[in-house]
Every structure is written in structure tokens, then in C-alpha cells.
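*Asks:* kindly return the folded structure for what I paste below:
(3 chains)
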Amino acid sequence: MSASVHDAGPASPPRMRWLSATLGAFNANKTSWVGLVIVVAVILAAAFAPLIAPHDPLEQDILSRLQPPHENYYLGTDYFGRDILSRLLYGARISLVIGVASTVIALVIGSLIGVLAGWYGGRFDVVVMQAMDILLAFPSLILGLILVAMLGPSMENITIAIALTSIPSFARIARAPTITVKERDFIEAGRALAFSDARIMARHILPNIFPEILVMGSLWLAAAIRTEASLAFIGLGVKPPIATWGGMIREGFENILDSYWLVLAPSLAILIIVFALNILGDGLRDAIDPKLKGER
Amino acid sequence: MSAPVLSVQNLQTAFRVGGQWRWAIEDLSFDVAPGETVAIVGESGSGKSVTALSIMRLVSETSGRIEGRIALDGRDLLALSEDEMRKVRGNDVAMIFQEPMTSLNPVLTVGYQISEALRYHRGLDKAAAQAEALRMLEKVRIPSAKTRFGNYPHQLSGGMRQRVMIATALACKPKLLIADEPTTALDVTIQAQILELIKTLQDEEGMSVLFITHDMGVVAEIADRVVVMWKGRKLEDAASEQVFNRPVHGYTKALLAAVPKLGDMEGHGRPLRFPAIDAANGQVKGVPTLAADTVKADEAPLLEVSGLTTRFGIRGGILGRLRGRVHAVENLSFTLQRGETLALVGESGCGKSTTGRTILRLIEPTAGTVRFQGRDVTGLGKGDLLDVRRDMQMIFQDPFASLNPRKSVGAAIAEPIVVHGLAKGSDARDRVAELMRKVGLSPDMGGRFPHEFSGGQRQRLAIARALALSPKLVVADEAVSALDVSVKAQVLNLMLDLQAEFGLAYLFISHDMAVVERVSHRVAVMYLGEIVELGTREAVFADPRHPYTRKLLSAVPVPDPARRSLRRELAVDEIPSPIRALDWKAPAQALVEVAPDHFVRQAV
Amino acid sequence: MGAFLVKRLGFAVVTLWAVLTLVFVVVRIVPGDPAQVILGDQADANAIAAMRTRLGLDAPLIEQYWTFLTGAIRGDWGVSLVTGRPVIQEILVVLPWTLELTIVSMLIGIAIGVPLGVWAAINRNRMPDYVTRIASLLGLSFPPFVSAIILLILFAIMLRWFPVISAGSGSLSAWFQAMALPALNLGLIMAAYITRVARSAMLEVMQEDYVRSARAKGVPWRVVVWRHALRNALIPIITIVGLYLGILIGNSVLTEIVFNRPGLGKLIVGALNQRDYTMLQGMMVIYTLIVVLVNIATDLTYALADPRVKLS
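*Replies:* Numbers count the residues shown, from 1 in each chain, chains lettered A, B, ... in the order given. I've put the predicted structure just below:
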């Protein structure tokens, strides 16, 4: 029934115009493109790691331990003689999978909580958001640390821990625009037209707040990758010998005085992907924010 | 005639939009003589506000460009350096703005904000500036000025804030005051006070005033001379009396024809359509015609409201205990026939909008009943309520907020039809096309999005969507208030035509007495949540009995320059608040029939 | 104002209680017996039973909860399973280190971030704005341990301006030597956040009607920016500073590890590695206390910055 609503409107597919306008604004901002290219490049490198990587990331070569970068090992080798470049490529997979999975989980659950709280208001809103505020107030890294320590450092558990620490933020992010949109007359018109609550939320509120949530998603993905690396650096990452960027820095840190490249390569890798995601999110945010469009 | 205070010659202002310069003002010239009040009138997009900002040189330096000559006492303002210009602003020329609610800085006291100009322009020390600022507060007739001095803006009402803005502007005794729609955001009784204050201060200080407005009634009350602007150009520039009585330009004639004038309706039994206007040249075509007789007086009432009461609790303190109540709607009773327009009029906070929303049960009533087609709406469960709501629709004030920006307008109109299973597929498409034609839009526009339409077009779309379910009652909540005069007239005509075609009943909620007089059959005047007067339109307007109705009617500015000399008393009343203590008891009053079909609230 | 404060204090108490309860529940619902986890897989049943008694895990749940709550309030957080000393003492020894680090970092962040954000905003879409935006984006992209390591390599290992282990105290110069790199690390990242918020808050405020009013009055430009605009922009900035303090405390853990500086960070990592449950419980309580106090401080600052808060 609902699917045919759009059919009734003449020709041009809805949303597309708005989308192209947004893409246009995004397009105008050249730095955002740099971010997008880097992010896509990292995703491709991670996806095709087995094809690109010059060595097996777990293969130990005791004879070539702690080698500085040269033609066989472009980025040098670690304490066990493993190829840093290959470990970096495989490590990207862990970062991206945990980052994306935890962000998606947090985005879906958090937005749901935020939209429901914003829409229904009253006691429900007060109780739910107070709970979110309490969680939000607590240092998220420490919450993550404790959760991972309790659950055990597996990929699933790290994902869950990071997701749990970011749910309150997404709830807050989704609630604010829900309340703004809820006050607009077209929502009241929808109620007067006898639309159900579910329809108003799904068809009228969600499309209007989705861009904002999506932008926050891209910025939180950057934060999630940072958190995963931090956990691994503290020793609560996916268990060795599996390569993670944070774990590589942790291992390299012990030899920092003489073999600085051990920490430099993964450090730059984290920095570049997080920076690229932030540029991308920032560009998207500018593209959707009507307040910052044009200058008066 | 002495040399003008302000002489604008060949002013051109452009803004850079997307890399291109677009002219907002083209070749504008006019003078303001000492002590004179010149009004610039025009609809949105006419460039009237840009003119004011150009004179103050407050348009953005990076994205705006001003050319021509703006001479203040012979000194060209456009030739000044930014620092020299700063010394002119607030000193030689001062400005007040439309929105008193946002024009004052919320984190600084009003006393500080008034004394600021004195300190920077006159070099007064803190104590001297404060003493002078206090004198200014008294000058703009703010009661108990001493205590107000230390207040923050949020502690003052809109009218009081506009007085503070005026005090700030006049602190340095400027030669010219530019007032940009200073009363548009205010209620009509407060507007009357502020206009009177500006007139009085002008006499006392001998300054010139450049008054920017869209309201022909306000122009007639305040202006010596009128400049009519349209799309960045000046069309007419003449003495006020001449512009109103012998307009030269077609656009001015059309503008005047589209303005409803309080008292115009004497002798007309039914609502009066506005004359048609030729879009090509702006000429008035034909004469106003009476609307068809639509009221089905002999049937049972379509809507019967009795004892309707809506209150909101105000919670406060540590535990969120109930502190008081907003008595938004108190014990309201009225009926509405099929094909009838009942107007609910009153100022902000009188409960007229809450009444409309409570009838649709978008807000739950505290007490009372609403019978629609004989069925009690207040007791209905959710399913039945959705059923009844289809026959009652609503149109809103803000045409920009009433359409979902992410939905094509065709889909928006189709949505209720499809959701309620009235039609689907090509049938639904045909129905949408028909509705769009009905409201005067081409069905080809269905694929566009709301932001591609003008305000008037959007309001037509909102009407089309409301009509999609073939309702019997439409609650129009300030439906034409945000529209320009000429657009307003067309949308009102459309509403009258649709009433004739579909036998619609309107609950017409408005603050605009002149519009109400033009389109309604019966009128209910609301004050503090109660109906104080209810009767046929002729009775209420020709023979207002309640003191509040009289006050309201006398405050409405009438587009007749003969009223220029009219002076009101310098009142400082405020609109009282409907917030009451928990133990508040309504005074024993009731609507008493003072003449056939004419009721007035009185003590019993 | 009074009612506002009492309300916020009430919320603080509720927060504290909620977190304590959460801690209590989490320790008990997590898969695995804490006693088993502490003693390892090879421990025999008697040892585990003894450990359960020592942890108070054999008492009825409600009694455990009561003991836990009342103990937390009295400051009796049990003894460390590793050192055997009272948890509160262990925490109080290192707490000043973390507090002074976060406070100095915060001051650095505000001192750099606010002026930079204002500067970028009033030069919108010009060179200073572009440079500031890219720099701040880069700054907040740094995981705090990465930036710490880079500072360490640069200034401690290569240039040898500062010690590798930042634990000096006693003389002022020793204090400065120990504080400089860690505080700079945390302060610069915080400055990046504040710059962005200050910039966007200023951009928004500069478009407000009251800024136009101030200009129409002929108020000098610097007064328009610093008094009329910034005073209003302070409100969102205070919010972010308050929120950021949570992140700052988390980041201080990583910074303390890299610079080998004593503090809550090193204590919690040690407790995690050694499964020191009582210590972890105590640390959760102290973190919550800090957060709650920060929130109250934020609310107080709010009330000072915005006259409208007092009425609500």
C-alpha cells in the first residue's frame, strides 16, 4: 500500500533531486573528495589484502628481525621478522570491520531510541534520555576497556563494547532533530490526515533526520576506528598474532628507542584513515547543512 | 523646502549568489526631508529591507555590493571608511528591526544595551551613560524603568522589547530613524501603541523617519510620503494622500485593491471576493463580487462545541510539582453550520489556535464536548478518531513548514488518498491532477519539491492536500497571515470558491480583523481563552458590544491617509497572560444574547 | 538558581547510584565466576570457595548490594586483591597526578581553542579559516597515543628536550619537564575540538539579529565580536568542554601509558591485567564521581554565562 504512494506522483523519482543537490554541494568542496578517495583506497587495499600483500602477515623470519625498510620489506620487519606492510594491509581489515560493524549497530539502536524518545516525549523521554546521559557522561574509553576486559578480547566483543559506548551519542543525535521536525506543521498535517504514528515516524520524520544521522555515522566511524586502535594499544585488542594497527604500535613501542619505524607506519595508517573519514564527514555535513549554505 | 536629511541617488545593491551578482535594488532614488516620515512599501522581494541595510551599510562586504550615492546631510555615506561609517551608525542614523524578540542580546542587560551607544559615540563614562539610558527608558514610557534597567531581554514582553530597541536607537538623538517593519511581529493593540510612540518621539525630537512596511494600513497612519517598491525598483513616490486616493501605477492600484479595509463590508450580507488582477500588467480587472450563499442554516449543525476547556499544567520546582495552569481555552461553546465560515479572532495567547487543534484532537481537551456530524469526538478511541479526522482537515500558517521538504508535492497530495485506500495507481494520479487543477496549479508540477514553489503556491498545495480526503470542515489556522497582500487576496478567493463548490465549513482562525470581516459569516472574538463576543459578522463589526472587541477594532490600522492625524493615547498596556494559579476560579460570567444572534460575555 | 542547583545535584546523586548499581550488576552477570577468573583455570574448588567468601560473593545478592552501596558511600571500597592495601588509598596516591594533568590540558585546550575558533569564524572562507579548519580536523584525528608517541619520538628521543619518563616532581622545573609533553598532547587535541565548536558557534551567532543590532548601534567591531557574539557562543562551548572532559579522562589513560606517568590510567591498566576486581570497582566509582562533579561545574558555568538559565 505504502509503496505505491510515490507512483502516484508524476514522473521524476522523489528524493533524487534532493540527493543530486546534496551531491552538488559535496562536489563543490574539493577537500571532501580527497577524503573519499583515501577512504575508498583503504577499503580496496583491505579487501584485496591477500592479493596485494607481499608476504604472509603471520610468517616469522627470525633472520630478518627488526629490519629497517628496504626493497624486500618496503616498511621493514617487526621483532618476529614479520613484514610490516603485509601486517598493515591485514590490520586494515580488523579496523574497518570492527569500526563499520560497531558504528552500524550503534547507529541503528541509538537512532531508534532517539527517534522514539523524541516522538513520544513525556516520562518515557525523560527516563530514557537520563539513562543515556549517564552513559554519555562516563568516559567512553574506560567503559570500553572494562567491557572488553569483562567480555574477553574477541572481535565480536570489541565490536559490542564500542557499539555500546556510542549508542547514547546516536540517541542524542537522533533525538534533537526529531523534536525539531516534530514541531513542524507538516507532521501536524500528517496527524490531521489520520496517518499512523509508525507512518509519520518512518515516512516523514526519518527521511528528514537521516542525513544528519548519516553524517554523524561517518564521523563516528572515525571515532570507532580510533577507539579500536586505543583498546589494542592498551592490550585489549584482537588477540595476537593477528595483526591490528593498535597492536602493532603496542609491540613496536617496546623497541621505540632504536626501531622507530615499527610504530611510525601503523601510527600514520590510523591517522590517515581517521583523518580521511573526518574530512569526508565534514564535507557531507556542510553539504546537508542549510544554515551554512550560501553567505548572507 | 529645506535640504533633505537623506538623499538616495541611483542606489544599486547586488548580492553574489552562486558566483553571480544579482541585483536586489536597481536605480533607486528618493529623499527624506527634515522631520518627514517616508514609508517604503512593497511585498517580499521588493528590496525594501535591503534599501534600509544599504543605507546603514550593513550588507555583507564579501557578498554584497552597493553603488550610487547615499547622502546624509550632504555627506556621501558610501565614500566613508568602515570606521567613519561606524561613527555614523547609531549616532546620525539609527535603526530598529522587525523582530524585537531576537534583536536584543539575550546575555546583556537592557540598561547596558541602551547605554552602549552613548559610551562609544558620546564618550560618556559608565555612570553618565547609565543615567542617560535610564532617561531614555522613561522616554519610551516603560513603566518602572529603574527596575527594568537591570533586566535581561527574556524578562520583557515583545512590546516592551521594541520600546527598548527604540530607546537604544534614539539614545544619541539621530537625525534619521530607519524602522524596518518594527510592528509586524507585534499584536495589533501593541502595534498601535508602538506606532503612537514613534509619532510622539518624532515630534519631540524633530527627527526624520524612514519607515519600511508591507502594511498599507500602517503606511496610512504614519507616512507623509510613500515610496512604492516592486522587485527592486521604485514605482511610485508621492505624498501619502495622493498614493492612496489617486495612485498612478497599476501595481499600486492592484495592491490597494487587494487590501481589505476595515469597514468596507458595510451593507454586504455575504463574504466579498477580491477583484481579479491581471498578472501581466498588474491591472485590476472587474469589480469585487459577492460570494455565493453557502450557509446551510436549516440543517443540524455540522460542528457543536460545548464547554470546551483545554489547560496545560506548568510544572516547576525541584520535584516538578504542578505550579499553575495555562488556561488556553476556557468553557468555549459555539456551533458551525455546513458551508459556513466562523472566524475566531484574537491576539496572541488568546487560545484561538489551541481551540482549532483541540477540535481535531491534535491536543486533548481537559473538559467539554465536540460533536461533529452528531458524533462526540472527545470520547472516540484511536481507530474511530482516525476515521472522523478524515472529514476535518487543517491548513497552517507557515507554508514553508506545512509540506514535507523531502517529498515531491504530488506524492504529498497522493499520500492521504493511497493510505486511506480511496484510490490507487492511475486513479490516484488522476485524483492528484484534479486536486492540483482545483487549487489553480498545473498537474505537471507534481514532481517538484516544496522548495521550488512560492509561498502562495505552497499554501495552495497545502489546501489541495487537505481536500484530498474530501473533508466537510477545514480549520484554517492563520492560513493567509504569512502571505503577501496580493497573494493573500488570491488564496482567500480560492477558499471562497472551494467553499461554494464543496459546501465546506471553515473555522477561520486569524488575528487580522480586516480579513475576517471580508470572508466570514459569523465571528467569535476570543480573549484569555474565552469567547467575549459572538455574533454575525455584521453585528460584531458594526455594533461591537464588548470593550475588548471595541479596543481591538480601534487598534486596527486602516489604509486611509485621512487617519494620519489620528492620535491615540500613549498606552502601555500589556496583553495579560492566561497562566493562572491552581486555585483560580473563573468569574461568574456567561454569554448573554444582547440582540438576535449576538452574544456578549457579561457578569451573571 | 537555587532550585536549578538542587535539581542538578539530585541528578548527580541519581547518576552516581545508577553507575554504582551498574557496576554491581556487571560484575555479577558477566560470564564466568570472578573468583575463577582471578585465580585462573587451574585453581581448585576450595581456593575458589575461599576467594568467593573473601569477595563476599557467597552472601545473598541483596545483602551484597547493600554492603557494596554503603561501603562505597563511606569510602570503604575494599582492599586491592593484588597489593592488599585499601583501594581508596591506592587511588588517592595517584589521583593528583591525573587531576593536574587533565586540568592543565583543559586550560591549554581552552586558551588555544577559543581564540582560534573565533578568529576562523570572523575570517570565514578566507585563508585563516581554511588553515584552522584543516589543522583542527587533523588534530582531532590523532588517536591520543599516536600523537603522544610522535611527541615522544620528536622531543624526548630525537631532540632530548624532555625526559622519556614524565614522572618528575619537587622543583618547579622538574614539574614542568614532566608535565610539558603529556599536557601538550592532551591540550592540543582538546584545542582541536574546541576550535571547531567555537568556530561553528560563532558563525551561527554572528548571523543573529542582535549582532546586527549591535553593528547598527555603531559599536566597535572588536566589541561586537568579543562581547556581543562570543558571550552567546560561550554556551555551546561550555557544553563541549563539559562533555569533552569525559573524553579527556579516557585520553589521559593512553597518555599516561606512553609517557610512563603515574596516574589513574596506569592504575586501571594494571588492575585490568591483574584482574584486580575490587580495584576496578573502586576506579569505576572514582571516575563516576569525577564525571558527576564535572557536570555540576558545567551547570554552574552555564548559569553564569546565560541569564536565562536561572529561571528554568
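
*Asks:* and stretch B:395-406, does that touch chain A?
*Replies:* Yes. Against chain A, stretch B:395-406 shows contacts by Cβ under 8 Å from any Cβ of the partner chain at B:Phe396, B:Gln397, B:Asp398, B:Ala401, B:Ser402, B:Leu403, B:Asn404, B:Pro405, B:Arg406. The C-beta positions use only the backbone N, C-alpha and C, and glycine is treated the same way.

*Asks:* pLDDT, neighbour count and distance to B:Asp384 added to those, as CSV?
*Replies:* As requested, the residues of stretch B:395-406 next to chain A are exported to CSV (pLDDT from 0 to 100; neighbours: other Cβ atoms under 10 Å in any protein chain shown; distance: Cβ to Cβ, whole Å):
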residue, pLDDT, neighbour count, distance to B:Asp384
B:Phe396, 90, 25, 25
B:Gln397, 86, 20, 29
B:Asp398, 85, 18, 30
B:Ala401, 86, 21, 29
B:Ser402, 87, 26, 26
B:Leu403, 90, 27, 28
B:Asn404, 90, 25, 26
B:Pro405, 86, 16, 32
B:Arg406, 84, 20, 31
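
*Asks:* all the helices of the stretch 501-604 of chain B, residue numbers only.
*Replies:* Using DSSP state H, counting those that start in this stretch, the helices of the stretch 501-604 of chain B run over residues B:513-519, B:537-542, B:547-555.

*Asks:* cool, and the stretch 101-250 of chain B?
*Replies:* With DSSP H, counting those that start in this stretch as the criterion, the stretch 101-250 of chain B has helices spanning B:110-122, B:126-139, B:145-149, B:158-170, B:188-205, B:216-222, B:240-245, B:250-258.

*Asks:* would you reformat the ones you listed as CSV and include mean neighbour count, mean pLDDT and distance to chain C?
*Replies:* What follows is the helices of the stretch 101-250 of chain B, written out as CSV (neighbours: other Cβ atoms under 10 Å in any protein chain shown; pLDDT from 0 to 100; distance: least, Cβ to the nearest Cβ, whole Å):
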stretch, mean neighbour count, mean pLDDT, distance to chain C
helix B:110-122, 23, 92, 5
helix B:126-139, 17, 92, 12
helix B:145-149, 16, 89, 14
helix B:158-170, 26, 92, 6
helix B:188-205, 19, 90, 17
helix B:216-222, 24, 91, 21
helix B:240-245, 18, 92, 26
helix B:250-258, 21, 87, 28
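
*Asks:* if we can go back for a sec, save the helices of the stretch 501-604 of chain B as TSV, and put in distance to chain A too.
*Replies:* Shown next, in TSV, are the helices of the stretch 501-604 of chain B (distance: least, Cβ to the nearest Cβ, whole Å):
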stretch	distance to chain A
helix B:513-519	20
helix B:537-542	26
helix B:547-555	26
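
*Asks:* now do the SS call for B:Val305.
*Replies:* Counting by DSSP: H, G, I helix; E, B strand; the rest coil, the backbone at B:Val305 sits in strand.

*Asks:* which strand residues bridge it?
*Replies:* Beta-bridge partners of B:Val305, counted by DSSP bridges, are B:Phe334, B:Val370.

*Asks:* go ahead and confirm it touches B:Asn331.
*Replies:* No. Counting by Cβ atoms under 8 Å, B:Val305 stays clear of B:Asn331, with 10.4 Å between them.

*Asks:* shared neighbours, the two?
*Replies:* B:Gly368 (Cβ atoms under 8 Å, 6 or more residues apart in numbering or on different chains).

*Asks:* these two: which is more packed in?
*Replies:* Using other Cβ atoms under 10 Å in any protein chain shown as the criterion, B:Val305 and B:Asn331 rank with B:Val305 on top: 26 against 18.

*Asks:* ok, now which ones touch the more buried one?
*Replies:* B:Leu332, B:Ser333, B:Phe334, B:Thr335, B:Ile359, B:Gly368, B:Thr369, B:Val370, B:Arg371.
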